[in-house]
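J.: Need coordinates for the following:
(chains A and B)
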Amino acid sequence: MIAPIIECDRLSVELGGVKVLDGVTLAVYEKDFLGIVGPNGGGKTTLLRVILGLEKPSSGRVTVFGGAPGNSPWRIGYVPQRLFFDRDFPVSVRDLVLMGRLSKKKLFQHYNRADREQADSALFTAGLEKLADRRIGALSGGELQRALIARALAGEPELLLLDEPTASIDTQMKAVVYDLLDTLKKKHTLVLVSHDTVTISRHVNRIVSLDFTIERQDSGMSNAGISYHHPVDPCPCQPPLPVTESQE
Amino acid sequence: MLHDIFAFEFMRNALFAALLSSVACGIIGTYVVVKKIGFISGGIAHTAFGGIGLGYYLGVNPLLGIIPFSLAAAVAIGLLSKKANVAEDTAIGTFWALGMAAGVIFIGITPGYAPNLFSYLFGNILTVPSFDLWMILLLDLLIVFTVWLLGKEFLAISFDEEYAAVSGLKTTALYLLMLCLIALTVVIMVRVVGIVMVIALLTIPAAIARMFSRSLPGMMLRAIVFSAAFSIAGLWLSYLLDIASGATIIVVAGLSFFLVHAWRLFSSFLKAR
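T.: Numbering: from 1, shown residues only, chains lettered A, B, ... in the order given. All right, here's what the predicted structure looks like:
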């Protein structure tokens, strides 16, 4: 059996005394495109943060690329929700994307030509090559979202983790972002967190619902190492889950 | 006119002090502004007053007393707010007052009278001795070299600390190092504008520079130029009008800040018409 890239075994997380995740068991294999859905406060972002090593589990076990979370940053690309930084920050789109090379560089090492070429190629993949010299504050929401994806791609990751990449952009831009994800899934393993169940079900291979239902693992519900209560429908036309109304 | 002024040695020293301190101010001020840690910088500066008192008490150059004191303050405030679950402004406020109190006590138990205490609080660029100039130059070089070495790491933690951590950076250590550089900049600025007003020169030039810049190095260069311009203009005005140099520098910087913003508002108002 091939070793999974991400493996969570009865994972529980408490934040400030409140149980956010309880007994999550799942596995992600190479070239998977896993969608994690669920309502707000369902622990989706927390699960990503545990996988990234930003949050410690209170019980259970997580391995990423066979080691502890946070131990192989150069193999992981992370696309955070874009709300958490200052849009007026004096940095160009190219320099933002160049930051994706951080995980490949040592302390004190300056970015070199190879890094710049990799950043340019990531910009090209995201369709942003013409905007490379703009200040990030001059980008639209959709462009900024693609810039964040480009930043993650610049690090040539094997695994891409995306947190609500379409949360605050218009429908047309969403389509552009999902087209981009469809190209990426050929080469990368993707984990996508979203509350937009209907849309992502057209793109992902598998869906996990984090709604205090998957956590209690029962036997017989597992499929390729993953367990959840809701059946997953791979058919692109039918939404496998009821739409979750949420706004973040 | 300017030539006459700089015929005096103390004026030449003042000019050098203004130019040299602008280098540190522009570079470190840029991080203070983009990372929004002005209040922390103020806390470190005021805590450093304890170091001045210690310098008096031990009978050494007060600048030598500030260095360990402000570095300790930087590390302590940084660690308390990052690790010990203490609200950042509480940690800053505690150290701010504690440092000032320590300074007052040290000076109180030192026999005799503390003659130029006022100049450390509010600066006196006209009395910078040559030894202090050399020390300012050394600290400048240290700051420039560190920022050159760690430019990409400092950019990463300023822009998005969480992403920096995900990329494998030791963000807390880098942040503490950044605070230590701020502490060293405070040491430099004490001679020029004094402890109480350091925060103005750390933020105003960089804040104006930010409006015209789209990269951190560009912002740093502009901030250095603005800081030097304010210092020299303030120095010249204080000479002409015979008023306190440190305060004049701050007033020039502050007025420029408001003028730039007023001009911005006015031009966008014209455009909108």
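J.: Pull the number of nearby residues for residue B:212.
T.: Neighbours of residue B:212 under the rule other CB atoms under 10 Å in any protein chain shown: 12. For glycine as for every other residue, the C-beta is placed from the backbone atoms N, C-alpha and C.
J.: wait, residue A:78
T.: 26.
J.: hang on, it in a helix?
T.: No - looking at residue A:78 with DSSP: H, G, I helix; E, B strand; the rest coil, it is strand, so not inside a helix.
J.: From chain B, how far out is it?
T.: Counting by CB to the nearest CB, to the nearest Å, the gap from residue A:78 to chain B is 5 Å.
J.: do residue A:196 as well
T.: Distance from residue A:196 to chain B, by CB to the nearest CB: 23 Å.
J.: which residues of the chain score low on pLDDT?
T.: Went with chain A since none was named. A:1, A:83-84, A:211-248 (pLDDT under 70).
J.: Oops, wrong one, chain B.
T.: Using pLDDT under 70, the flagged stretches of chain B are B:1-3, B:114-115.
J.: Just name whatever secondary elements the longest helix anywhere in it is in contact with.
T.: Counting residues, the longest helix found in chain B (DSSP state H) is helix B:130-159. Helix B:130-159 sits against helix B:9-34, helix B:161-166, helix B:171-192, helix B:216-241, with contacts defined as 3 or more CB pairs under 8 Å, 6 or more residues apart in numbering or on different chains; DSSP states H and E.
J.: What are the boundaries of the strands in chain A?
T.: Here chain A has its strands, by DSSP state E, at A:6-15, A:18-28, A:33-37, A:59-64, A:76-79, A:159-163, A:189-193, A:206-209, A:222-223, A:226-227.
J.: Show me how far the fourth one is from its chain's centre.
T.: Put simply, strand A:59-64 sits 18 Å off its chain's centre (CA atoms, centre = their mean, to the nearest Å).
J.: quick revisit: most neighbours per residue, which of the strands of chain A?
T.: strand A:76-79 (a mean of 27; mean count of other CB atoms under 10 Å in any protein chain shown).
J.: Contact partners for residue B:113?
T.: For residue B:113, the contact set (CB atoms under 8 Å, 6 or more residues apart in numbering or on different chains) is empty.
J.: Please repeat the previous calculation with a cut-off of 10 Å.
T.: residue B:107 (CB atoms under 10 Å, 6 or more residues apart in numbering or on different chains).
J.: Just want to check the distance between it and chain A.
T.: In this structure, residue B:113 and chain A are 48 Å apart, going by CB to the nearest CB.
J.: Residue B:195 now?
T.: Relative to chain A, and taking CB to the nearest CB, residue B:195 is found at 29 Å.
J.: That residue - how many residues pack around it?
T.: Residue B:195 has 27 nearby residues by other CB under 10 Å.
J.: Centre of chain A to the edge, which residue is at the far end?
T.: Residue farthest from the centre of chain A, counting by CA atoms, centre = their mean, is residue A:108 at 28.4 Å.
J.: mind listing what the closest residue to that one other than its chain neighbours touches?
T.: Spatial nearest neighbour of residue A:108, excluding adjacent residues (CB to CB, 6 or more residues apart in numbering or on different chains): residue B:149 at 5.1 Å. Residues in contact with residue B:149 (CB under 10 Å, 6+ apart) are A:107, A:108, A:109, A:110.
J.: where's residue B:149 relative to residue A:117, distance?
T.: From residue B:149 across to residue A:117, the span is 24 Å (CB to CB, to the nearest Å).
J.: and what of residue B:57?
T.: Residue B:57 sits 58 Å away from residue A:117, going by CB to CB.
J.: Which one's more surrounded, these two?
T.: Neighbours were counted for residue B:57 and for residue A:117 using other CB under 10 Å; residue B:57 has more, 18 against 11.
J.: Surely that one and residue B:108 touch.
T.: Yes - the pair residue B:57 / residue B:108 is scored as a contact, 9.5 Å apart, by CB atoms under 10 Å.
J.: Can you name the residues of the stretch 101-250 of chain B sitting close to chain A?
T.: Counting by CB under 10 Å from any CB of the partner chain, the stretch 101-250 of chain B comes close to chain A at B:148-153, B:155-156, B:158-170, B:173-174, B:209-219.
J.: Recalculate using a threshold of 7 Å.
T.: B:149-150, B:152-153, B:156, B:159-160, B:162-169, B:210, B:213-216, B:219 (CB under 7 Å from any CB of the partner chain).
J.: which of those residues count as buried?
T.: Using 16 or more other CB atoms under 10 Å in any protein chain shown as the burial test, those include B:150, B:152-153, B:156, B:159-160, B:162-169, B:210, B:213-214, B:216, B:219 as buried.
J.: just to revisit the earlier point, and residue A:41, which of the helices and strands packed on helix B:130-159 is closest to it?
T.: Smallest distance to residue A:41 across these (CB to CB): 19.6 Å, for helix B:161-166.
J.: can you give me how far the closest one is from the chain middle?
T.: Relative to the centre of its chain, helix B:161-166 is centred 27 Å away, using CA atoms, centre = their mean.
J.: what's that helix packed up against?
T.: For helix B:161-166, the packing partners by 3 or more CB pairs under 7 Å, 6 or more residues apart in numbering or on different chains; DSSP states H and E come out as helix B:130-159, helix B:171-192.
J.: 8 Å - rerun?
T.: Helix B:161-166 is packed against strand A:76-79, helix B:130-159, helix B:171-192, with contacts defined by 3+ CB pairs under 8 Å, 6+ apart.
J.: got these as a markdown table, with distance to residue B:203 columns?
T.: Converted to a markdown table, the helices and strands packed on helix B:161-166 look like this (distance: least, CB to CB, whole Å):
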| stretch | distance to residue B:203 |
| --- | --- |
| strand A:76-79 | 32 |
| helix B:130-159 | 15 |
| helix B:171-192 | 11 |
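J.: Out of these, which one sits most buried?
T.: Mean neighbour count (mean count of other CB under 10 Å) peaks for strand A:76-79 among those, with a mean of 27.
J.: could you dump the helices and strands packed on helix B:130-159 to TSV with distance to residue B:200?
T.: Output for the helices and strands packed on helix B:130-159, formatted as TSV (distance: least, CB to CB, whole Å):
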stretch	distance to residue B:200
helix B:9-34	10
helix B:161-166	26
helix B:171-192	10
helix B:216-241	9
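J.: among the ones you listed, which is nearest residue A:173?
T.: The minimum distance between residue A:173 and these falls on helix B:161-166, with 21.9 Å, by CB to CB.
J.: And the contacts of the closest one?
T.: By CB under 8 Å, 6+ apart, helix B:161-166 touches A:52-54, A:70, A:73, A:76, A:78, A:80, A:84, A:99, A:102-103, A:151, B:153, B:156-157, B:171, B:174-175.
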